[in-house]
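A.B. asks: Build me a model:
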Amino acid sequence: IIKNRLKTNKLKTNKMNTNTMRTQDTTFTRALNSNLSVNLVYITPYLALEYLKCNKKNRKADKRNIHHLASQMTNGLFIENGESIVFDTNNELKDGQHRLLAIVRSGLSFFIPVVRGVRPASMATYDTGKNRTSSDILYLNGYKYPSAISSLIKAIYKFKITGSKHGRFAANNRYESLTNQQVLEYCDKNYEWLKDLAKNIITINGKATVTVLNNQTLGLVLYMIGGENPSEEAYQFVKHLAGVVRTEETATSYLYAKLHKSKVNKEPLNTYWILGMILKAWNYFSEGNPPVKYFKFNVSQDLPEINK
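C.D. replies: Numbers count the residues shown, from 1 in each chain. Predicted coordinates for the structure are as follows:
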């Protein structure tokens, strides 16, 4: 399949063998007193195929990860961030197979550092560190409330691409999630209203005796019912959800009691069920908050229509 894709793309690259791979290097450094060498290489799909011939002892390739990376490449979201392709002293590929396979699939070329000469046992040390989160990225770029904003952006994105459909919204698919760069770009364009939303939900939850809903859920609810600039009524509703304001024998008080019991007894509730119940409670609240002793939501259903 890969070879056929290369043919259809009619790639204009000269054939080369393993011995001539290094002629593509634009820079070359060798660490003093070390067997390691580092080369900045313009990796074309053909060269990626040559490198993959050295992929003899590696984990099984993840097709969904390859599709995800290739999609980023074709959509201009893949960034040349300095992360390297690694070969050991036996010229076996140790790290980078998914990026190489994605280059082949996308038919595009990128500048990527290539490290050679690591010890064969080095693979056990890869991917064991703590990855930078989108919250870290926002913090490093000077944004306030980075954790609340990054989680809110991800929740809004998921809501937008899945709509209210049960099957997709309830699923936890990392390949439908945003990259750190996408989170940063969204924050750049929408920071003012995101900052206000994050500040307000943090304040509301800070006044709650028991935190029954996290900031991400409260923020998503505000966005779903009120958009980028929620009304005072929407904020009052969220205060009822958080238990900061209580009106007994209403939909909000019924739901709060359920959430409070779950939190105190450490019995987690289905996230999709919570969201469905919240939207039903909002519809009652926006219609005058009438007396309600009981209501329900079935997780096999799509989310309720939202009163605007």
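A.B. asks: in the chain, which spans are helices?
C.D. replies: 2-9, 45-52, 63-74, 97-106, 134-140, 146-162, 166-169, 180-207, 215-226, 232-242, 251-265, 271-286 (DSSP state H).
A.B. asks: Just the endpoints, please. Distance across stretch 289-300?
C.D. replies: 26 Å (Cα to Cα, to the nearest Å).
A.B. asks: what's next to that stretch, contact-wise?
C.D. replies: The contact list for stretch 289-300 (Cβ atoms under 8 Å, 6 or more residues apart in numbering) reads 166, 170, 247, 249-252, 254, 270, 272-273, 276-277, 280-281, 284, 304. Glycine gets a C-beta too; all of them are placed from N, C-alpha and C.
A.B. asks: Sort out which residues of that stretch are buried, please.
C.D. replies: Across stretch 289-300, burial judged by 16 or more other Cβ atoms under 10 Å covers Asn289, Val292, Phe297.
A.B. asks: And for stretch 54-70?
C.D. replies: Buried residues in stretch 54-70 (16+ other Cβ under 10 Å): Cys54, Asn55, Asn58, Asn65, Ile66, His68, Leu69, Ala70.
A.B. asks: On the pLDDT front, check Leu140 for me.
C.D. replies: Per-residue pLDDT puts Leu140 at 85.
A.B. asks: what's the neighbour count on it?
C.D. replies: A count of nearby residues for Leu140, using other Cβ atoms under 10 Å, gives 11.
A.B. asks: Distance check, it against Asn180.
C.D. replies: 10 Å (Cβ to Cβ, to the nearest Å).
A.B. asks: for Ala257, same thing?
C.D. replies: 38 Å.
A.B. asks: between those two, who's got more neighbours?
C.D. replies: Per other Cβ under 10 Å, whichever of Ala257 and Asn180 has more neighbours is Asn180, with 18 against 14.
A.B. asks: How much space separates the more buried one from Thr133?
C.D. replies: In terms of Cβ to Cβ, Asn180 sits 7 Å off from Thr133.
A.B. asks: For Ile112, give its distance to Glu83.
C.D. replies: 7 Å.
A.B. asks: what does Lys293 give?
C.D. replies: 57 Å.
A.B. asks: mind listing what the closest residue to Lys280 other than its chain neighbours touches?
C.D. replies: Once flanking residues are discounted, Lys280 sits nearest to Pro304: 5.3 Å by Cβ to Cβ, 6 or more residues apart in numbering. Contacts for Pro304 (Cβ under 8 Å, 6+ apart) come out as Ser164, Gly276, Leu279, Lys280, Asn283, Phe297.
A.B. asks: quick one: contacts for Ala208?
C.D. replies: Applying Cβ under 8 Å, 6+ apart, the residues contacting Ala208 are Ala242, Gly243, Val244.
A.B. asks: For it, which non-adjacent residue is spatially closest?
C.D. replies: Nearest non-adjacent residue to Ala208 (Cβ to Cβ, 6+ apart): Ala242, at 4.6 Å.
A.B. asks: Could you list the low-confidence segments of the stretch 201-308 of the chain?
C.D. replies: Within the stretch 201-308 of the chain, not a single segment meets pLDDT under 70.
A.B. asks: So in this structure, which strand runs the longest?
C.D. replies: The single longest strand within the chain, with elements called by DSSP state E, is strand 110-118.
A.B. asks: want to try CSV for the helices of the chain, with distance to Ala121 as columns?
C.D. replies: Output for those, formatted as CSV (distance: least, Cβ to Cβ, whole Å):
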stretch, distance to Ala121
helix 2-9, 29
helix 45-52, 21
helix 63-74, 24
helix 97-106, 18
helix 134-140, 30
helix 146-162, 36
helix 166-169, 42
helix 180-207, 30
helix 215-226, 41
helix 232-242, 52
helix 251-265, 46
helix 271-286, 41
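A.B. asks: circling back: when Ile112 and Glu83 are compared, which one has more neighbours?
C.D. replies: Per other Cβ under 10 Å, whichever of Ile112 and Glu83 has more neighbours is Ile112, with 22 against 12.
A.B. asks: Report the beta-bridge partners for that one.
C.D. replies: Val41 (DSSP bridges).
A.B. asks: can you pull the pLDDT of it?
C.D. replies: For Ile112, pLDDT reads 95.
A.B. asks: Next one: Ser134 relative to Asp188, how far apart?
C.D. replies: From Ser134 to Asp188 the distance is 13 Å (Cβ to Cβ).
A.B. asks: Between these two, which has more neighbouring residues?
C.D. replies: Ser134 (24 against 11).
A.B. asks: Quick check, that one in contact with Ser150.
C.D. replies: Yes. Ser134 lies in contact with Ser150 (Cβ atoms under 8 Å); the separation is 4.1 Å.
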